[in-house]
Every structure is written in C-alpha cells, then in structure tokens.
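> Predicted model and sequence follow; I will ask about them next.
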Number of protein chains: 2
Amino acid sequence: MVLRVLCRTFVCTIKAECSSSYRKSPLINCQRGQPLSSKPVWGSKKRQKYLEKFRTETMANPDIEGTLAPLRSSVKEQGDYVRDLKANQGSENELAKAVSELKLRKRLLEEKELELSKPAGNEFDRVKMEDLIKRRFFYDQSFSIYGGVTGLYDFGPMGCAIKANLLSAWRKFFILEEQMLEVDTSCVTPEPVLKASGHVDRFLDYMVKDVKTGDCFRVDHLIKASLEDALKDKKVSEDDKKEARETLGKIDALDKDGFATAVKRWKMKSPITGNDLSEPVEFNLMFGVSIGPTGLVRGFLRPETAQGIFVNFKRLLEFNQGKLPFACAQIGNAYRNEISPRSGLLRVREFTMAEIEHFVDPTNKDHPKFDNVKDLVLTLFSAPNQMDGVAAQKMPIGQAVESKLVANQTLGYFLSRVYLFLTKAGVDPSRIRFRQHLGNEMAHYACDCWDAELLTSYGWVECVGCADRSAYDLSQHSKATGISLIAEKPLQQPVTVDVVECVPNRAVMGKALKQDQKKVLDHLSSLPEADLLALDKELQSSGKSALNIGGAEISLTKEMLEIKKYQKTKHVEEFTPGVIEPSFGIGRIMYSIMEHTFRMREGDEQRTYFALPPLIAPFKCSVLPLSSNPEFQPFVKQLSKDLTQNDISHKIDDSAGSIGRRYARTDETAVPFGITIDFDTVNNKPTTVTLRDRDSMEQIRLPIEEVVPLIGSLVKGHATWKDAVEKFPKFTQQETIAKKE
Amino acid sequence: MVLRVLCRTFVCTIKAECSSSYRKSPLINCQRGQPLSSKPVWGSKKRQKYLEKFRTETMANPDIEGTLAPLRSSVKEQGDYVRDLKANQGSENELAKAVSELKLRKRLLEEKELELSKPAGNEFDRVKMEDLIKRRFFYDQSFSIYGGVTGLYDFGPMGCAIKANLLSAWRKFFILEEQMLEVDTSCVTPEPVLKASGHVDRFLDYMVKDVKTGDCFRVDHLIKASLEDALKDKKVSEDDKKEARETLGKIDALDKDGFATAVKRWKMKSPITGNDLSEPVEFNLMFGVSIGPTGLVRGFLRPETAQGIFVNFKRLLEFNQGKLPFACAQIGNAYRNEISPRSGLLRVREFTMAEIEHFVDPTNKDHPKFDNVKDLVLTLFSAPNQMDGVAAQKMPIGQAVESKLVANQTLGYFLSRVYLFLTKAGVDPSRIRFRQHLGNEMAHYACDCWDAELLTSYGWVECVGCADRSAYDLSQHSKATGISLIAEKPLQQPVTVDVVECVPNRAVMGKALKQDQKKVLDHLSSLPEADLLALDKELQSSGKSALNIGGAEISLTKEMLEIKKYQKTKHVEEFTPGVIEPSFGIGRIMYSIMEHTFRMREGDEQRTYFALPPLIAPFKCSVLPLSSNPEFQPFVKQLSKDLTQNDISHKIDDSAGSIGRRYARTDETAVPFGITIDFDTVNNKPTTVTLRDRDSMEQIRLPIEEVVPLIGSLVKGHATWKDAVEKFPKFTQQETIAKKE
C-alpha cells in the first residue's frame, strides 16, 4: 500500500516526486454523484480521433526521434500492460509494480529527450547565472552571516521588486480582470483545521537518522543516490544492478516497510559519518507552533493558502449574495519544514503562493468567457500520451475540452489564462507544457488535474497546479465542524418532500435530563429520518425508549418530545460546490523566468543580464548623466521627478565610471531602458536625450519631454521598441564608446 | 529594577503599556561617542523660547481648560520633581517611583481630556461600525467555524483590498518616491539572530496561571482590572484605595517580585474559576519553531521585520555601491504570541508591518529633502510638554528641528512624511499627534523617539514608531557573528596609523598544532594590539609562549608566527552606521482609518458606510444598471471593459433591488463613485450616464465616453468631485427615488 503523500499541493514537490499516491489519496477523492459526462473519455473513439489528428502536431523533434523510438515503444508496451491490468482488474500489488515500471521507463525517455534536445554550443550556464543573482543580490541564502539556514532565502532589492511586480501583475490579470474576491487569512492555523484537511495525517515524508549523530536524511533521496552510485560501480554484479534498477523504478511507490527493506538490503550507512541508520520514521512537513501561553492549543504554519479560503466559504458566498460560480484568490506565504531542501528556490521551507479557488455548481462547469480563449494553442502532455510514450502535443484548448481531454470549460479556461499570464511575465512559450496527472486514469476518479511545467536546467518543474479538488475540502470542514458549507440553486420545478422533525418539550426534558439535555438534543438532531421514525414508533407503543450516546444509556419518555411528520414544498436545491484550483508557486515561476531570460552579450561572456520584460523588471528605466559634470544635474532631477509622477520606477546612476561600464551595470539589474544626458542635452536646442534598449543595445535620440511618455507606453505594452525606432532617429555615438571599452 | 520590555517595537503595544523600561533597555542604548549636538537641548534657553512661542498654538480646547487646570498643574508638579531628582542624582528607586506617579497623573489628565472633548450628540458608535465590518466581511475572526482563535483575523474581500491598496500606496509613497531599497526576507528566524537582537532574553511579558485549570492571565492586566474594581467598591477602605491607586500608578514599572507581591497583597484569584494563581512567570512572546527534522535547530517567527534588514546590511551596502545614507524597507508579516489578545485589530498575534531602516553617518543626520517639508505644521506632544502637563502643540517641523526638539533633520523628515502618508490614506489630520517617548529625558540617551499616535475610541493608539535605533542592532549582529558590519567614508586628510599584524607560518603551525590550528588562528585574529605585542615580546625573549583558548593550554613557538609592526596610510574612516527607523503597523492604521471615516447618513442610522478616500477604497467605482432590462447589458459590459483596461477596480451590481437600495449597498463597501445606466442612456443621443459621489450623494450626468477618464482623474487625485460638478450638470432624479425609499 502506498502511504506517502508527497505532493499535497503542487508547490510541495518537483515533478519527479509527484507520486501516484496523491491521486489515490482520499484528499482529492472527487465528489460522488458527479455526472459521468464530466469524466475524461479516454477509451472512446472520439478521443482516438482527436489524439491522432493532433499527434501530427506533437512537440517531437524529428532529428532525435530515431534515437528515442525504442524508448517510446518501451513506454507504450508498459502503458498498454497497465491498461490491461486495469481492464482485467489485476491485483493492487501487480498494478503498483507495473505503474512503477511505467514511471521508470517514462523517466528514462524524458531524460534522453532532454539530453538530446539541448541546443549545441549555446548551453545555459547556471554557475554564471547564480553568480549574477548573488552579486547583484537578486536573492541569497537567509542569515548567511550566521552560517545560513538551508531552504530559506532572502530577496534583495532586485528580487523583491521582481516578486512585487509579478504579484501585482498577477493581481491585475486574475483578480481584477476576472472580478475575483481576494482574502488575506492567517498563516498560524489551529490543528483541527489541518486535521480535517488531511494534512496532519498525510502531509509527510520518511526519514532515517544517523543513530550516533542524529543527522536526518530523506530516505527516498538516500536510496536513490545510493543505488545510482551502485549502478555506476564496476564491482557491483549484474544481478545486483538489475535489482537496484528495479528498486529505483518503484521508489515512488515504496511504503515504510519498503524503505526499511531497501535500507537493510543495500546495507546503507550515513553518507556523512558511515554510522548505522535508524528505521525509517514518518516526519510531518508542517512547522508546529503552540498558540497562546498555555501550550495546549496546538497549531501549524499553513502548508498552503487554500484552507484559509475554504474555512471562510460561508462568508464569501454570502458576500457574493449567494451566487455561484465565484472565485476567491489569496496571495501569501506558506511553510514546509523540508527534511533536506535543495535546488535553490525550487524547494524551500518558506514560500509565496498565489492560489485561486473557483467554486462552481458541479453539474455545470462551463465558463462564460471560454469562447475568448478557445483558439489558443497549448502544449498538452496528456495522460494517454504519457502512457503511449508519445511526446506532448499542441492543440487548441477548445478542441481539448470538446474531446474531453481536458475535463471541462472552467479548467480549460484556467489553463489558457495560466499560459497567457506566464508568457506575459517572461516565461519562454516554447518551454511551457501542461502535464496531466497520470493517477486519474488508474484510479478512475472524476478529477482532472494538469500541471503547468516549465523547462529549466533542473528539468521540467511543476510551477502551477490546476486541480479539480471537487467537494472534498468543503465536505471535510463541514464534517469536522457540523456547519453546513453548501450553496443553493433554484429548482426548475418546486418539489414536495416529506419532513420528519423532532420537537423537544424542553421544560420536561430539562427537568428529567439536566446537564445531559444538550447531549440528547445534539444526538437527536443528528439522527437520520429512519431512526427518528423508529424512535417515534417505540415511544408511541411503549411510552419510552433509550438512547445510547457515547456508551451511556439515556432514557427518554414520550412526554419529552414529539416527532412531527409533514410535507414541505422546496424551491431550491442544496449542494456542496465543486472547487477548481489553479495554484501558483511564485518562487518557482520567478526562478524559471530568470533562467529563460538569462543572456550573455555576444563575444563578451562577462556581460550577463536578464532580459526581463518591462512588466516585471525591477526598475523600468535608468537615468545616466554622461559624467559628474554639475550641468547635467538639473536634467537628472527633472527626469526623476517626471518618472516618479508617472509611477515609473527608475534608478539614477551618477557614479563615476564610463557610460559603457554603467550600461553594463544597469543591464545586470535588468533595467530595460536607459536615458542618457550628454553635452548635446545641455548645449543644444531643442533639448534632447538618448534612450537605450537593453536587449538590442540600440539607442534613439528624442526630445526630453517625449521620453517619459514613451517609456510609459513601452512599459505598459502600448508600444514596442520597434515603434520607437521607427519614430525617432537612431543614435550610435555612446554605444560606440561602450563597445570600445 | 525594571525588567519587562513590553514595547520592543511599536506594534507590540498600545500606548498605555509603553513602559519606560524599553527606553532603559540596552536594546536601544544609543551609540557612545555620538556628538552632543545631536542630543535634545531640553534645558537650554533656546528650547524655552521655542516652547513658549508655540504654546500659544497648543491643541488645548479653551472650553475645558478650566476643568483640566488642576490636573495639568498636578502633572507639572510631579514633572518638576522628577527633573529635580535627575538633576540631583536621586536614587534609582526614588526615581522609578516618581516616574510611576508622573505617568499616573499624565494618564488621569489624558483620560479627562478625552472624556471632556468628545463631541456631544455625535458620538462614535463602535458597535454599529463593527456590525458593518462583520456583515460586509471587511475582516473577521479567523477559523470561526472551528470556534475561532483570539488574536487572529482574516481579511475578507473588502479588508484585503483596503490592505493591498494601503500597501501599494505605501510602496509608492516611500519606496518609489524616496528611491529606497526593498527586501523580502524570511519569517522563520534561527535563534542566534534573535538572541543577538535581544528578543530571546527580553521580548517577554509576565503571566500567572490558574493552578487548577492552567488558564493563563497577563499579570499586569489582571492587577489593573482587579484594582480598578477595588477603587469602585464601596466596601473597600479609603486607606486600601489609596494603596490601590499607588500600585496602579507604578504598574508599568513592576518587576517579577513586584507583581508577586501585588497578587498576594490583594489576594487575587482566577477571574474565571476563583482558584488560586501561580507565581508570576516570564513568557517569551515569540512563536517558537523547530527548523528541519532533527529538532535541534531552534528558531522563532520574527517579531519584527527589521532584523531581516540588519542581517543583510553588508549585501545592501554593497548593492548601494558602498554609499551612505540609504534606506531599506520591508513589508511583511510578524508574529507575537500574545498572552491575551484584545481590542480587535489593535493587538493581534499575526500582523503586517512596513518598516524602513535608514542607515546614516551618525555624525551627519541632515536630510537633503528636508527643505521640502520644513513648513509642514505637525502636532507634537513633546516630552517636556508631557512633563509640564501642557497639551500637545502645533509647530512647523523646521522649527522643531532647529530648536532640537526633534533631534535631527532625518527624523524630522520622516515625521513629516509619515503625517503626509497617513492623511493621504484617510486618517483625520486632527486625530494625529506625534508623542515623544518620555524615557529619553530620564535616561540621558542620545536617541530621540516619536510615535505617530492616532486617536480612536480606544484612546490614542501608537500606529507608527519613529525611533533612532542608533548603531545597536548592527553592533550586536557584528559581535555575535564576528563579521564587521560597517561603512567607510573618505577622510579629509589621510592619516598614518601604526599596525600590528600577526603573520602565521602555516606549514610549521599546521604540522605542530594539527586540528587546533584553526582555533589558534581565530584566537590570534581576535587579540587586541596590546596582547599581540606582549605575545611577541615573550616569543622573542623565551622563544615560546602558551595561549589559553577555551580552557585548553596550547603552546606556540617562535617559528610558528611573526608579529609585524608597520605604519599604514589610511584614506578612509570606518564606522558603524546609525539607523533611523519608521515602523508602521498596517492593521492599526487600517483600523484607525476605518474609525475616522465611519459615517451614518443623516436621519438614517441604518445606512452606515466608510468614507474611504478613493486611493484605498476596495473598489473605485460601481456599475449599476437601473433594472435587469437586457438593453442595459451592452453598456455594462463596455464600461466594465474600459474600467478594467484603465486598472480601475469596480463592482457590477445588477442584482434585483431598487437603485436606492443598491446605492446603500455599494456605500457599505465604501465604493466612492457609482455609474448608473438608465433608460436615457439607452434611448437618447448622445449616450449619457449618471455618476454619483458617495460622500455628498450628488449626481452628475455626463457622456458615457467621459466617465471612465473622469473616474481615473478622481481616483488619482488629479481632479476633485467639486471639479466634476462644475464641469457637468447635476442630476437629481435617481437620488430622489433613493431618498423616497
């Protein structure tokens, strides 16, 4: 049995560890009674037709398909085997084994694919990028003067501005444009809330401890590293290597015993000291806190912002005047006490999320604005394609929804909006894919779940999760609190229903039962109709009855209550809304954008910069006087004032150093445009300045009063640099100086 | 001795509990060696002259001065006594007692003053306001479906939008306009950082426990409530009442023993059960967390955002190319595990702060932009005026700095900017005062510290603290880590200095000392010059010496190292920068703005609303079709699109209900402007709409294409409603309908 829940929400994991157990966990077990029509129709002929049609547009690179072909068929063979097992109701155990093997083969295929498709000669240099990030303090390890803490990062002025701009763009793009509600709820969360949501029991990893030093290791990471070493070791026999490969293949599906067996079988020791290791133990990934002074109120730092929305559902529905659908968003920090954080911003202990919970009538997940996006072509890596060893394919989202490849319009609409946002923010469109979770197909849940994955030097990284959480969360909180979290909709036709109601005679009951009265009333109000009728029958016949409440027997008499039966006309139907959740990991998106926009100047590897779009660049513009000549100062001051008045963030660089060196420095902080004031500005009429474009290094000369409005247009996307170059004469003098250096 | 540190930063407390111990604590003990000129010159004749001149402009209300006169002189009498004690070097104990009495008298004066100056007949109705806040979900208690947790609040869509708008305005007003750096650092903070900052040892309150139930109470709150009851109790003797009054007066100055004595003396019991109470115990107000899986790395949630800036000082200075002054800001959450949170948003366990740390050469705290604000008149409640029982006084900040009432230009500049920001955000200018901390005068520290206090129904609430933190924090972190956190400035004249340097012979030393080598080198590098010279002397004379490092004796020989003595020319001077910190409590400011803008419609107490300025109103505008007639829909859609494109947040209310009722509803969510589409819009050319102003309820009729630009101007403050009314004809029809209802 699979117990681990590694990817409770997308932010918690990178793709490779997104174990199928998540899909199987009741956490996302979709609402029963959902109409079949909303399920993907994988097996149907219609699906086959669509998939074949669009396979001609797959993302496969023809140059490398020859090499990949055997790997692809190896995946397909195993995929078909898994399908057969499902169809023929094979044993759990058999199925789990087969799925593990499928995942292993998928991984081998993907690794080869990435290896072969790397552009030759133009390799991304992560060390150079990290050097720039550190040197210009985009972000860096927290508390490093105290030795640092892994998994915690501080954003410096540049990183902080990028983050703030990204969040502000997100707020405009999603909340303002879609008229969503937004909330800002507590991070500190009492235990019962996270018990109900499943996090207390399921949000965990396994670790082993060095029995002497107490050092902790994530056991799956340890096994993986150790077996990968074994595979490379010439002294290890072929039989052992085969076994190691098998274990590696199923590592995501191992449970506590499985891990324990592997640690013993391979005689693993602490990689630091060589000491023995403890048995694997569960480690809950939430930071525990004690609320208030008594030490008795246990709580946690929230592991996702979503629960803060669910517990406020009643207030939000009321705020929305009882109407569905509506979406509520939240931007905020979440926490995850990783056993061994790594991969920089990709796996951290404190991170910012932006989550949307879209509440919807589960019988109608159409979206009124779907038509606006239906022709948008997305790269979809569907579950069937993954099982068939086929590459991701390009498809208009309208087709994907029509074919039920994507379960419904609302989910399709969000995938499109996510794509549009990411590309607007600077993500390379060719490095976005939407990968469908595989689990669905195996577990036959009605949910559909697609991750927006971005290709980085760490592989494909899950950055936005788009999941159908169905009615799970609202139902769980309702169950835990006894408060109904439902919506209503008008019935087409009023219906008449039988009602059975218990009306207590509080005077009699109170006198007889004293402090037990409340318990009895609570119990009675929770009884199903049939039990009430049975109770009534007994009271009517024998005049009394007994209730068993929490092990205690309590006697009731006929006088204490009356069971009323009558008919009522209902005009509305009650239901628990379904939830569709796009959930953004802001740090991961930022990191991916930085990788995608990292550039080196041709012929000068030392001049590195980020070609960030003006929308999220920390400063929109720099102001550079050619030298420290005081005559330039009035112009600098006036420009700075005008820029500030127009809300254009800018940086004045009047330090010593040639203009070329200062251009290089503003490039390093990703400033897209630079205004230079030179002697022509001071001496000639009309007063002109130059404006330089970071990406092309082109410069134009224009009247000083036109430069701020032009930058405003460029930043807002109302004009492009091409427009600017067409309107104003090019200027080459200073760039020549810069290039000479 | 006073041990408690109640108001480590302003957000931690409301004014009444701002104990003088804070001033005395080494936490804010200012840098020694600061030039005397930066100290306030309270005793000087110049000060007297200024204070007298401006006393004519005090805030005192002549109608009530008669009643207040005896209270004022009682304060002055005690103030003079305290001054005398200081001047004559009275004992600590005597002084503490005298200050307590002074505080008591000050409180009585202030309470009377507030009581008498309440506007008659137009009393603020907190219950009505809280009802509106709850009903329209501005904010509410967190997790209330789970029973709620005190001190935790969730901001609903309206509160969240106000908060986001307030922060966005703050970012523009301070960071963008002042070209500050901004960072975003970790909340989870390892213990050594907060040990160095003083929070681990000093950020605490005292509590007592119910010995049977374990219920905890803040002991000062308990004593206060209990003694105030005693004062009202007819059965309590006059002697006891006198003693109770005395204890009340010095409650802020009590230490652990003092609390214990009071609890025993007054035979206090648990107010809930009547059980006995424990001895007072210290309770650290930080939330503890355990970082990583071992449980060995202890940390806390940060109690203020400032430390995240200090620990990054080196990187920030480097980012700023080594230049001072510069300011770094941070917006983020901080946490405080209150013993008994109360007063709504004013004292909570999780809150958002916006802090600025302005790093400056301590010998020059002038500010280049001070001239821009010097004529701004602020209400200053100076320490001398507090001691003289005189009301706060209005004074141009330029005069206040010139007279040294406010210690320096930078602090004065920030006070002005704080005032301008608060009033821009909707705070009533007549309910802002800047109160100087009293402690300074007594402790003779060079720091100056002024709190922006806002008058609310809870009294004067400390909302922004402007403190001179001097070099304390940087020095502490430097001491704790051994990393120098300093800045440099060029010397006017280069100076020649003697240098003593220890140059190890690593080959010899390593061979002899093995793993002890590092320890020895660290020790040698920490030795003062004199010790190095003594060591050299010993090595030269006897050829060897011994070091005592951490209790172990380690032998050195002459061959292991050489002590070099030479002269060096220095061109720069090193120094630890001073820090001036304006620190904003966002929740407190929000709450105050809401109180200050809460309104009831004349003649209709049910119609309540917040007259929030457009800058921070959640939605800038509503769009209201007169009825559900489908002919209105195209206009609604077009307006919504135009508003979105212009980044104007808006709310469409096409629900059933008369236009009057819907106006009342948009008023409740503080929407400043409403566009109505009626039959004239549909039937007449040119196409016109009406625009309604929330505060005046006036309406104008204008062409549809002009309404969005007009709202844009109104929201940005480029135009006022008066301008609008002058430009477009008034419209009365709908308002008549609204009023009839």
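Received the coordinates, thanks. Residues are numbered from 1 along each chain as shown, chains lettered A, B, ... in the order given.
> any idea how chain A splits into domains?
With domains defined by the TED database, chain A comprises A:59-118, A:164-187+A:302-486+A:576-601, A:204-284, A:493-573, A:619-727.
> in chain A, which segments are predicted with low confidence?
A:1-60, A:119-122, A:439-446, A:733-741 (pLDDT under 70).
> Quick check: longest strand in it by residues?
For chain A, the strand with the greatest residue count under DSSP state E is strand A:487-504.
> Tell me which of the domains of chain A sits nearest to B:Ala552.
Closest to B:Ala552 of the domains of chain A, according to CB to CB: domain A:204-284, at 23.3 Å. C-beta coordinates here come from the backbone N, C-alpha and C atoms, glycine included.
> picking that back up, how about the domains of chain A in JSON lines, adding mean neighbour count and distance to B:Ala407?
As requested, those are exported to JSON lines (neighbours: other CB atoms under 10 Å in any protein chain shown; distance: least, CB to CB, whole Å):
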{"stretch": "domain A:59-118", "mean neighbour count": "16", "distance to B:Ala407": "61"}
{"stretch": "domain A:164-187+A:302-486+A:576-601", "mean neighbour count": "21", "distance to B:Ala407": "33"}
{"stretch": "domain A:204-284", "mean neighbour count": "17", "distance to B:Ala407": "51"}
{"stretch": "domain A:493-573", "mean neighbour count": "13", "distance to B:Ala407": "63"}
{"stretch": "domain A:619-727", "mean neighbour count": "18", "distance to B:Ala407": "28"}
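> Get me the contact residues on the stretch 51-200 of chain A for chain B.
A:136-137, A:140, A:142-143, A:145-146, A:149-150, A:152-157, A:159-161, A:163-164, A:168, A:171-172, A:176-177, A:179, A:181-190, A:192-193 (CB under 8 Å from any CB of the partner chain).
> Where strands are concerned, which of those residues count?
Per DSSP E, strands hold the following members of those: A:Asp140, A:Tyr153, A:Asp154, A:Phe155, A:Leu181, A:Glu182, A:Val183, A:Val188, A:Thr189, A:Pro190.
> tell me the two of those that are most distant?
Across those, the longest distance by CB to CB is 35.7 Å; it joins A:Asp140 and A:Leu181.
> Quick one: name the residues of the stretch 551-700 of chain A near chain B.
Proximity of the stretch 551-700 of chain A to chain B, by CB under 8 Å from any CB, involves residues A:Thr644, A:Asp647, A:Ser649, A:Lys651, A:Ile652, A:Ser655.
> In strands only, show me those residues.
Here DSSP E is the test, and these give A:Lys651, A:Ile652 as lying in strands.
> Most widely separated two among the residues of the stretch 551-700 of chain A next to chain B?
A:Asp647 and A:Ser655, at 25.2 Å, using CB to CB across those.
> isn't A:Glu488 right up against A:Val572?
Yes: with contacts counted by CB atoms under 8 Å, A:Glu488 reaches A:Val572, the gap being 4.3 Å.
> and the domains of chain A as a markdown table, adding distance to B:Ala69?
Converted to a markdown table, these look like this (distance: least, CB to CB, whole Å):
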| stretch | distance to B:Ala69 |
| --- | --- |
| domain A:59-118 | 84 |
| domain A:164-187+A:302-486+A:576-601 | 48 |
| domain A:204-284 | 65 |
| domain A:493-573 | 59 |
| domain A:619-727 | 49 |
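> Of all these, which one comes closest to B:Ala306?
B:Ala306 sits nearest to domain A:164-187+A:302-486+A:576-601 of all the domains of chain A, at 17.7 Å, using CB to CB.
> Now do the end-to-end distance for the closest one.
Using CA to CA, to the nearest Å, one end of domain A:164-187+A:302-486+A:576-601 lies 28 Å from the other.
> Check the offset of it from the chain's centre.
Relative to its parent chain, domain A:164-187+A:302-486+A:576-601 has a centroid offset of 6 Å by CA atoms, centre = their mean, to the nearest Å.
> and what of stretch A:670-678?
Its chain's C-alpha centre and that of stretch A:670-678 lie 36 Å apart, by CA atoms, centre = their mean.
> Can I get it in PDB? Just the C-alpha atoms.
This file holds the C-alpha atoms of stretch A:670-678, laid out as PDB (Å, rounded to 0.1, in the frame of the first residue of the first chain):
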ATOM      1  CA  ALA A 670      17.700  44.000 -15.800                       C
ATOM      2  CA  VAL A 671      16.800  47.700 -16.400                       C
ATOM      3  CA  PRO A 672      15.100  47.600 -19.900                       C
ATOM      4  CA  PHE A 673      15.600  51.200 -20.800                       C
ATOM      5  CA  GLY A 674      18.300  53.800 -20.100                       C
ATOM      6  CA  ILE A 675      18.100  57.600 -20.600                       C
ATOM      7  CA  THR A 676      21.400  59.300 -21.100                       C
ATOM      8  CA  ILE A 677      22.000  63.000 -20.600                       C
ATOM      9  CA  ASP A 678      25.100  64.300 -22.500                       C
END
